[in-house]
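Colleague: Would you be able to build a 3D model of this:
(chains A, B and C, ligands or ions: 6)
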Amino acid sequence: MTDNNINLTNQHDLNSEVNNKTPVVQGEMARLEEEELAVQTAKNFRSISPARMVAKRFFRSRLSIVGLCIILFVFLFSFLGPVIVDATWGYGQTEVFKIPRQSQLLTKANFEGADGRKYVYYDRSISTVTTKAPPSADHWLGTDTNGLDIFVRLMYGGRISLTISFLTIFLEMILGTILGGIAGYYGGWVDQLIMRIVDIFACLPGMPILLILSAVLTSIEEIPAEHRIYYMMGFLTLISWTGTARLVRGQLLSLREQEFMLAAETTGIKTSRKIFKHLIPNTVPQLIVSASLGLGQIILYESTLSYLGIGVPFPNAAWGSMIALADPSKGQEILAYYPNMWLPAGILIVMTVLAFSFVGDGLRDAFDPRQKK
Amino acid sequence: MSNNQVAETLLNNTETLSGVEINKDNLDSNLNNAKDYLVQVKNLKKYFPAGLKGTTRQYVKAVDDISFNIAKGTTMGLVGESGCGKTTVGRTMLRLYSMTSGEVYFDGQNINKLSRSALRKLRPRMQMIFQDPYSSLSPRMPVGEIIGEAVREHKIVPNAELSEYVAKVMNDCGLPYQYARRYPHEFSGGQRQRICIARAVALKPDFIVCDEPVSALDVSIQAQIINLLQDLQNEFGYTYLFISHDLSVVEYISDTIGVMYLGSMVEFGDKKKIFAKPMHPYTQALLSAVPVPDPDFEMQRVILEGDIPSPVNPPSGCKFRTRCQYATEGCAKSCPKFIEYESQHEVACFLYPQD
Amino acid sequence: MAKDNKNTKNTQYLTIKEEREIAKSNRKIMKQFERTKNRKNVDESEFTTQMHDPRNVIEIDNLHTYFYTDVGTTKAVNGVSFKIPEGKIVGVVGESGCGKSVTSLSVMQLVQGPVGQIVDGSIRYTTSEGKCYDIAKMPRDEMRRIRGKEIAMIFQEPMTSLNPVFKIGEQLDEALAIFEPKMSKEEVKARSIEMLEMVGIADQKKIYNNYPHELSGGMRQRVMIAMALICNPRLIIADEPTTALDVTIQAQILELLLEVKNKINGSIMLITHDLGVIAGMADYVVVMYAGKIVEAGDIHDIFKNPKHPYTVGLMRSLPSLSHVATGSRLYSIPGQVPSPVNLPDNCYFCNRCEYSFDICMEQYPPDYYFEDNHRAACFLYDEKYKDLDLVKPELPRNMADDSESKMVRKIPQGRVVLESETDRFGG
Ligand SMILES: Nc1ncnc2c1ncn2[C@@H]1O[C@H](COP(=O)(O)OP(=O)(O)O)[C@@H](O)[C@H]1O
Ligand SMILES: Nc1ncnc2c1ncn2[C@@H]1O[C@H](COP(=O)(O)OP(=O)(O)O)[C@@H](O)[C@H]1O
Ligand code: SF4
Ligand code: SF4
Ligand SMILES: [Mg+2]
Ligand SMILES: [Mg+2]
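Modeller: Residues are numbered from 1 along each chain as shown, chains lettered A, B, ... in the order given. Ligands and ions are numbered 1, 2, ... in the order given. Model prediction:
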């Protein structure tokens, strides 16, 4: 073999340069370690990591990008905003501004004169008010009926809305995952029991109970007003974990039949490990989707409660209670003439709820492997 | 057991795992004679409920009265068409499914009588390799964890040596240790099957059920995996139950072979005897249907008519009679007995004397 | 390949920048291809050609089918040439992912667009009217007249190609009605039932009214074959028709395919990864690896005198009788099949090949011809390297030799004489 170690280039006119620095050794590659083979394969074939695949599919949809931007904006607005305001202007959500302003008061009344004709009575007078200032350079959205800066209160309101929603969702997920996990893993009567509990909770009418609960809470004097909302949200967790539990249970029922669970069973590992290391991690994508869809709902709930005056107590701001200023039962005036007081809060609620839905939908499509294109 | 001892057991892999107490009550006195058999299956039945017909509950008779023994250090092949209950036999033997009736002895213990915790302790000694290398690995767990998880839990090696041990096992199975941190989806089918094998082998089992381990793999990868299984057996003395529908692979790897049809064993025996002299008409048809990679070879094919009947309503008498060309009236009336006609060669068919 | 800097630690994944570049170029290329394919009223001369040999049904010449995927261009079929003579069965073997299905889909012009495109090459086909077309250049509209009628396809998983909500009969009738609009309803139904009978379905009237899910796998595959045959095609492409079936059912289906081929006097392109199936069925064999043909030839050349190290390796890795007899280790090809993305310009088999030498790592080998159409793409057979005394792959004697193969097992049928009985006869 060594004798035949000839210079190929001289003998034959090959396009490629082959020189005799390496002797002709057959089977060289076959002796390479498996490992090197794999590295060689990896060199010419590289794929896209699964996380990036998800990101790619997520960003393919315009709506999810819009949603993500809105959420980002709302977060910065509510969490960074107050900090900046505090640093630059030096006040918070409870600072009362007395901005004197000439206001034209117009009183109008209809009456029937003695002559039997109809008259309209007008009374114009000019008075000085210190609240309900219109938007200005100092107070971008003006002040409300109490002379509080609306723009700043929007920030604080967002902060509390988001914090409470995330807290609630988080608790709900934990509760739902544990109970749904147990039901799905064990099946049988455990499953039956938990699912009946779920059924009961799922058919409780949320809003009326919350109203009653708030009345109860108000009557208990030991509970400070500002803590009430946390109790309410705690209760909300109690009635809304059922969705998560159903989701997790359904997932586990199908995952349980997968061969890797049978494999885990053959290795004889503990049940808790099987549930929390093998099963639950596989439901995470679905949980994320359901959480982001659920967040919008919780924000709506919180706003409703605040609107009804049983949520975050005054003087703390909440988007719901800011809209409540426009409550038509207390007169049409604010609704008609001061959109700056309630419209921004309304827009923020709608935007945030929509944004979480967009992102949730986007995530669902992104995690779903069937949605390849 | 001291660490030294553990380390020793580690080195002497041929030793069976200590630490599992043999429950004396479960020892059947009859079985003491048959010490060579690691696994004994007696009259195993597994029925799956399958809806109602009228008011009577119907059952899929996936495994219907099967008995066989596997000697220590040997491989038993289990063949048959899909749906004939091979997988169910394997899983019921390991008590992954609860059995309808019957007994399975593993190393002298009736595994059906073990308590949950005793069973959990016994688990590492009986392992399984699955057909589908894609669905049998937890997708969100790195490979090192998949292999080492149960090792840690059963304290097969001291915790300090765990990563070294995993590296050794991976190396034995032809996987570079650098891969320990990767996730299953980053591997090809053949490599995934190696991971499955490593997971089983890491627990130092005595008995491994290989459920069609190469059916999902490419031809060139198949040979790699079969060689790996054989090398491991030679080194550590494993006992295999090798389930497959590929007769040429089974013939190569097994010592004894069982042929199943519709939940029943129709022929069982030494590999050489079964392949040289298949006695049951079904075995003959199965063998003749195997394509031979040789264009000059003209085989006299026994083409079976029709399909496998449903296991919910199997034919009366001999289950094979609907497709058997030798069927007589007697075949429909009663079941042929499973009789040993030669040493290590049992058949159930009325073509042969029934006494 | 771009010199990625930050992500070098993870060689497995593409960088975002690379990914974008790939996506951009893909879009451009795909748009162009789609436009040509979607043209209407194309002059027939544009895709009319001449058969090189009139005895062939189809001639595939230098076919390239690429997929413009997110991770790069997958050269699924990368220069494949072979032909199918009239009345013959050509077997295409290879492991999964080597481009067998894509080759067949290209012939049907069913490659999944816009990602997949026939990039180069020609597929010459003569219709029953005697016109010769180049399928690779045919616009979509024109292709409809050939697909299904002239060339039919049978897939691996019949369930995916049968519509689950329609009865078997309805689907058969519909397939026929498309190509034979003049036929009356009764005629169509009669023909459908006749087809079912032809594929060996005993209870045709009942099956005619069954839904696909009510049938077993083997039955469904029979229905698929009936559906393929309904328009008397000249070429049947069977893509792994028996892979999902049991051996006993596989034997039935293969038997049926042979029978049917003789009845309609057609040709079959039989795709499979099972060398055993090929050996029993094919007249010619094409061995594919990573999108290219590594060896092609007459069935006897391939099985008795294979030249390419991959072909030899495949055959040796099957457990044979001699393995069983001696208990020797199986031969195994190290490594795994490469993915056909960004393959370097060398022999694609070189990192798994026992016989590789220097030149293998620098060029892709051309085809070298042996007797009668037998060809292999491997440098071992280059005259230039004759003096190197290269070791060539060989089958073990007993596999290559005709005489010894005759000793392959004889399977008794029916009752076997027992040991005890032979004893009695003093045997
Ligand atoms: N978990 C199950 N529930 C109900 N029926 C089952 C289950 N597993 C298997 N079967 C049925 O039991 C029979 C045997 O199945 P299996 O053991 O998987 O066969 P094989 O492995 O030989 O292909 C089949 O008819 C199948 O439908
Ligand atoms: N629709 C598709 N999109 C992208 N890549 C594809 C597609 N179809 C096939 N491929 C690629 O083409 C190659 C050949 O595939 P195929 O012809 O299906 O192989 P096989 O020989 O197993 O039939 C594979 O690497 C596969 O990844
Ligand atoms: S018992 Fe009868 S039907 Fe069954 S295999 Fe034997 S001959 Fe055939
Ligand atoms: S060209 Fe070289 S590497 Fe390729 S098959 Fe032939 S000897 Fe092996
Ligand atoms: Mg099975
Ligand atoms: Mg294919």
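Colleague: what comes up buried for stretch B:109-121?
Modeller: Within stretch B:109-121, the residues that count as buried by 16 or more other CB atoms under 10 Å in any protein chain shown are B:Q109, B:N110, B:I111, B:N112, B:L114, B:A118, B:L119, B:R120, B:K121. Glycine gets a C-beta too; all of them are placed from N, C-alpha and C.
Colleague: Can you give me the end-to-end span of that stretch?
Modeller: 13 Å (CA to CA, to the nearest Å).
Colleague: Reformat the buried residues of stretch B:109-121 as TSV; add secondary structure and distance to ligand 4.
Modeller: Putting the buried residues of stretch B:109-121 into TSV (DSSP: H, G, I helix; E, B strand; the rest coil; distance: CB to the nearest ligand atom, whole Å) gives the following:
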residue	secondary structure	distance to ligand 4
B:Q109	strand	53
B:N110	strand	56
B:I111	helix	51
B:N112	helix	55
B:L114	coil	54
B:A118	helix	55
B:L119	helix	52
B:R120	helix	51
B:K121	helix	51
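Colleague: if we look at chain A, which of these are close to it?
Modeller: B:L119, B:R120, B:K121 (CB under 8 Å from any CB of the partner chain).
Colleague: List the backbone torsions phi and psi for B:L351.
Modeller: The phi/psi pair for B:L351 (degrees, to the nearest 10) reads phi -70, psi -20.
Colleague: Would you mind confirming that it is in contact with C:V417?
Modeller: No - using CB atoms under 8 Å, B:L351 makes no contact with C:V417, being 11.2 Å away.
Colleague: which secondary structure elements does the helix ranked longest in chain A contact?
Modeller: Counting by DSSP state H, the longest helix found in chain A is helix A:150-186. Judged by 3 or more CB pairs under 8 Å, 6 or more residues apart in numbering or on different chains; DSSP states H and E, helix A:150-186 is in contact with helix A:62-75, helix A:81-88, helix A:188-202, helix A:225-256, helix A:284-307, helix A:319-324, helix A:339-367.
Colleague: would TSV of those helices with distance to ligand 4 and mean neighbour count be doable?
Modeller: Shown next, in TSV, are the helices and strands packed on helix A:150-186 (distance: least, CB to the nearest ligand atom, whole Å; neighbours: other CB atoms under 10 Å in any protein chain shown):
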stretch	distance to ligand 4	mean neighbour count
helix A:62-75	48	16
helix A:81-88	66	13
helix A:188-202	58	14
helix A:225-256	44	19
helix A:284-307	44	21
helix A:319-324	70	24
helix A:339-367	42	20
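Colleague: Strands along the stretch 151-300 of chain C, start to end?
Modeller: C:151-154, C:235-239, C:267-272, C:284-289, C:292-298 (DSSP state E, counting those that start in this stretch).
Colleague: Could you dump those strands into CSV and include mean pLDDT and distance to ligand 4?
Modeller: As requested, the strands of the stretch 151-300 of chain C are exported to CSV (pLDDT from 0 to 100; distance: least, CB to the nearest ligand atom, whole Å):
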stretch, mean pLDDT, distance to ligand 4
strand C:151-154, 90, 32
strand C:235-239, 93, 26
strand C:267-272, 94, 22
strand C:284-289, 95, 9
strand C:292-298, 94, 7
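Colleague: which phi and psi does the residue of the stretch 301-427 of chain C found nearest ligand 2 have?
Modeller: Here the stretch 301-427 of chain C gets closest to ligand 2 at one residue, C:P340, 5.1 Å apart by CB to the nearest ligand atom. When read as degrees, to the nearest 10, the backbone of C:P340 gives phi -80, psi 50.
Colleague: How about the one 4 residues further on?
Modeller: In terms of degrees, to the nearest 10, the main-chain angles of C:P344 are phi -70, psi 170.
Colleague: what's the neighbour count on it?
Modeller: The number of residues packed around C:P344, counting by other CB atoms under 10 Å in any protein chain shown, is 15.
Colleague: What residues of the longest helix of chain A count as buried?
Modeller: Under 16+ other CB under 10 Å, the buried positions of helix A:150-186 are A:150-162, A:164-165, A:168-169, A:171-173, A:175-186.
Colleague: Hey, what's the angle from that helix to helix A:225-256? Just curious.
Modeller: If you take axes from the mean of the first three to the mean of the last three CA atoms, to 10 degrees, helix A:150-186 sits at 40 degrees to helix A:225-256.
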